[in-house]
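# Need coordinates for the following:
(one chain, ligands or ions: 1)
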Amino acid sequence: MAATKTKKHHKYVFIVGGVMSGVGKGVASSSIGKILQSRGLEVTSVKIDPYVNVDAGTMNPTEHGEVFVLDDGTECDQDMGNYERFLNRDLSGRNYMTTGSIYKTVIERERSMGYGGRSVSVVPYIPMEVMDRIDKAAELAKADVIMVEVGGTAGEYENILFLEAIRIAKIKHPKDTLLILVSHLPIMSDDNELKTKPTQHAVRALNSTGLQPDIILARAKYPLDEKRKEKIAFNCNVREEDVISAPDVSSLYDIPVNFEKDNLGNLILEKLSMRPRAKDMKDWRAFAQRIHDAKDVVHIGIVGKYFSSGKFILADSYLSVIESIKHSAAFWGVRPEIKWLDSGEFESGKAEDLKKLEEFDGIIVPGGFGSRGVEGKLAAIRYCRENKIPYFGLCYGMQLATVEFARNVLKMKGANTTEVDPRTKYPIIDILPEQKKLMAESRYGATMRLGAYPAVLKKGTTAERAYGRTKISERHRHRYEVNPIYVKRLEKGGLVFSGASPSRRLMEVAELPRSIHPFFLGTQFHPELKSRPLAPHPLFREFMKAAKTRREALHPDLGASAA
Ligand code: GLN
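Down below sits the predicted model:
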């Protein structure tokens with residue numbers, strides 16, 4: 001870990017949670033990263049998840065939220081998506097760690113005599129590995145500041161070794177290390193009084209691990225009043241100006257703007273012994289404002305299998321899809337209203353059930369696995385195709401659009417993906433032979449196509465026009481592919497594979513020509529993983545434009561603010 005001459009000196013901002021999880025620690029740290037970046041600093045981030053899973057790939061999204069995928073194929077927590085979106089930087093597996101991944105490295109190193117016969121005790125070797133990885137991530141990004149978000153909350157057993165890493169960092173780099181506690185202030189009575197006691201306990205819990213937060217971020221429904229600020233400061237050993245109010249906001253992209261209003265940037269620089277710097281948040285502020293200014297509503301339906309999931313879980317499982325919709329809506333100055341449509345409702349194929357789709361300006365079928373709800377999705381896709389409702393299929397949504405086309409346009413009865421019907425007469429979507437072999441060996445972990453792959457777009461197609469170029473790279477997470485033996489037949493029937501791998505063995509984008517449908521397009525990759533606030537994904541952007549056009553055509557009488 002000794003610093004060499006070429007290495008840039010970096011500062012550490014650690015973020016830990018207090019009281020409870022799910023209070024927006026990831027968004028808070030991404031926002032802090034954003035305000036530091038807006039002062040001309042190079043910022044990167046590391047997310048630490050305390051579970052033993054080596055990565056998030058095997059986790060059920062309804063339990064843990066969306067599995068985010070990075071360019072290098074790392075399957076990780078959705079907070080990584082927040083970092084990428086707020087910082088507008090591509091991150092890698094170096095920016096993500098779990099308890100499992102750290103122990104795995106240490107154990108493997110021990111097995112290969114990497115510790116030279118020493119007894120490898122948990123402390124200091126585990127926290128040392130953690131710090132090592134943080135430093136490597138910072139060096140790789142040539143960062144001035146590295147944000148390190150520790151999952152879980154203070155006082156629980158799981159993240160104790162990560163807190164130990166912070167303690168060590170504070171001893172080694174006292175001037176370069178900052179600890180921010182993101183706490184939560186509940187409301188118990190009708191008078192809306194924010195209670196500070198749980199925060200006091202969280203700080204005590206941190207104190208018992210040898211840590212004292214430098215800044216306390218008070219997440220609550222409302223802004224903190226002076227009295228509460230005083231109380232937290234007095235009981236938690238910080239100055240009043242070190243207690244930052246972080247009330248709920250209607251748009252999360254406002255958070256960096258609000259933090260700047262409170263001068264959080266200056267406070268952090270001062271505490272990290274850095275000189276004050278000018279800030280430039282103009283573009284971001286304009287983007288955040290566009291979200292508020294947008295009045296015209298565009299109705300987007302997301303069709304999935306949602307039986308027991310509940311709204312909150314859904315929003316969490318499709319976080320990147322929702323954010324991508326928001327980015328492109330802000331681009332066009334419209335307000336998206338998103339509705340979850342249970343594919344089960346369309347399973348009957350009855351006209352009266354499918355008619356519900358008419359009220360939407362655009363329909364998305366997002367990624368998914370397994371056979372439940374598939375027939376309903378196919379019926380919805382057919383309705384969109386036949387009735388010219390803008391349709392955007394993401395991964396499974398592209399595969400099923402291809403199956404639907406085979407069934408209903410090419411009359412290939414019973415066409416399917418072998419994921420649903422392994423014995424189908426027309427395996428339009430299938431596992432490629434090389435993957436089949438891995439599956440036969442039960443090597444499931446290695447059977448997904450993960451991360452960034454290049455694709456080439458056909459000139460003059462919707463996809464190529466949207467990107468404005470023919471060479472692209474997009475992120476993947478799937479096992480099945482369009483079966484190469486049917487590609488010619490599908491194309492002859494009118495489906496355009498406008499994007500494919502450079503060798504054209506793997507189909508990447510399927511679409512219908514504009515002359516036939518205003519927007520009917522599916523991608524084998526996940527465009528939602530690469531949309532950024534100030535750079536909406538080109539395909540989401542074009543989908544949203546088509547939805548807006550439909551809205552305007554259907555309701556020429558409706559002015560601004562019409563719902
Ligand atoms: N289940 C499909 C596959 O494995 C699609 C996956 C997805 O939508 N992410 O290929």
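
# The ligand contacts on the stretch 1-150 of the chain?
By the rule Cβ under 6 Å from any ligand atom, no part of the stretch 1-150 of the chain lies against the ligand. C-beta: built from backbone N, CA, C; applies to glycine.

# May I ask which helix or strand encompasses the most centrally placed residue in the chain?
For the chain, residue 81 is the residue whose C-alpha lies nearest the centre (Cα atoms, centre = their mean; 3.3 Å). Here residue 81, judged by DSSP states H and E, is contained in helix 79-87.

# Which neighbours in the sheet does the next helix or strand after that helix have, and how are they oriented?
Next helix or strand after helix 79-87 toward the C-terminus (DSSP H and E): strand 96-98. Within its sheet, strand 96-98 is paired with strand 43-49 (parallel), according to DSSP bridges.

# what's the angle between the strand it pairs with and helix 79-87?
Using axes from the mean of the first three to the mean of the last three Cα atoms, to 10 degrees, the inter-axis angle of strand 43-49 relative to helix 79-87 is 170 degrees.

# Measure how buried the nearest residue to residue 453 once chain neighbours are set aside is and give me the count.
Nearest in space to residue 453, with sequence neighbours left out and distances taken as Cβ to Cβ, 6 or more residues apart in numbering, is residue 476 at 5.7 Å. The number of residues packed near residue 476 is 21, by other Cβ atoms under 10 Å.

# Could you do residue 103 as well?
The local packing of residue 103 (other Cβ under 10 Å) involves 16 other residues.

# Tell me if I am right that it is in a helix.
Yes - counting by DSSP: H, G, I helix; E, B strand; the rest coil, residue 103 falls inside a helix.

# Any figure for the gap between it and the ligand?
29 Å (Cβ to the nearest ligand atom, to the nearest Å).

# Tell me which residues touch that residue, please.
Neighbouring residues of residue 103 by Cβ atoms under 8 Å, 6 or more residues apart in numbering: 52, 126.

# Give me the pLDDT for it.
pLDDT, residue 103: 95.

# helix, strand or coil for residue 459?
coil.

# got a list of what the residue lying closest to it once chain neighbours are set aside touches?
The shortest distance from residue 459 to any non-neighbouring residue, by Cβ to Cβ, 6+ apart, is to residue 470 (6.5 Å). Contacts for residue 470 (Cβ under 8 Å, 6+ apart) come out as 456-459, 464.

# Filter those down to the buried ones.
Among the contacts of residue 470, those classed as buried by 16 or more other Cβ atoms under 10 Å are 456-458, 464.

# tell me which of the residues you listed is nearest to residue 197?
Minimum distance to residue 197 across the buried ones among the contacts of residue 470 is 57.8 Å, recorded for residue 457 (Cβ to Cβ).

# Which other helices and strands does the helix holding residue 81 contact?
Helices and strands touching helix 79-87, as assessed by 3 or more Cβ pairs under 8 Å, 6 or more residues apart in numbering; DSSP states H and E, comprise helix 25-37, strand 43-49, strand 68-69, helix 319-332.

# can we see that at 7 Å?
helix 25-37, strand 43-49, helix 319-332 (3 or more Cβ pairs under 7 Å, 6 or more residues apart in numbering; DSSP states H and E).

# What residues of stretch 483-503 count as buried?
483, 486-487, 490, 495-500.

# Relative to the whole chain's centre, how far out is that stretch?
30 Å (Cα atoms, centre = their mean, to the nearest Å).

# ok, now stretch 14-28?
Per Cα atoms, centre = their mean, the centroid offset for stretch 14-28 relative to its chain is 16 Å.

# Just the terminal-to-terminal distance for that stretch.
End-to-end distance for stretch 14-28, by Cα to Cα, to the nearest Å: 12 Å.

# Contacts for that stretch next, please.
29, 79, 82, 147-150, 152-154, 163, 166, 178-184, 198-199, 202, 217, 219, 246, 252, 255 (Cβ atoms under 7 Å, 6 or more residues apart in numbering).

# State which helix of this protein is the longest.
Assignment by DSSP state H gives helix 122-140 as the longest helix of the chain.

# Enumerate the residues of the stretch 251-400 of the chain near the ligand.
Checking the stretch 251-400 of the chain against the ligand by Cβ under 6 Å from any ligand atom, the hits are 367-369, 395-396.

# Which ones among the residues you listed lie within helices?
Going by DSSP H, the helices hold residue 396 from those.

# any idea which of the residues of the stretch 251-400 of the chain next to the ligand is closest to residue 38?
Among those, and counting by Cβ to Cβ, the member closest to residue 38 is residue 367, at 32.8 Å.

# buried set for stretch 466-484?
For stretch 466-484, by 16+ other Cβ under 10 Å, it's 466-467, 472, 474-483.

# First-to-last residue distance for that stretch?
25 Å.

# rewinding a little: the longest helix of the chain - what's its average pLDDT?
On average, helix 122-140 scores 95.
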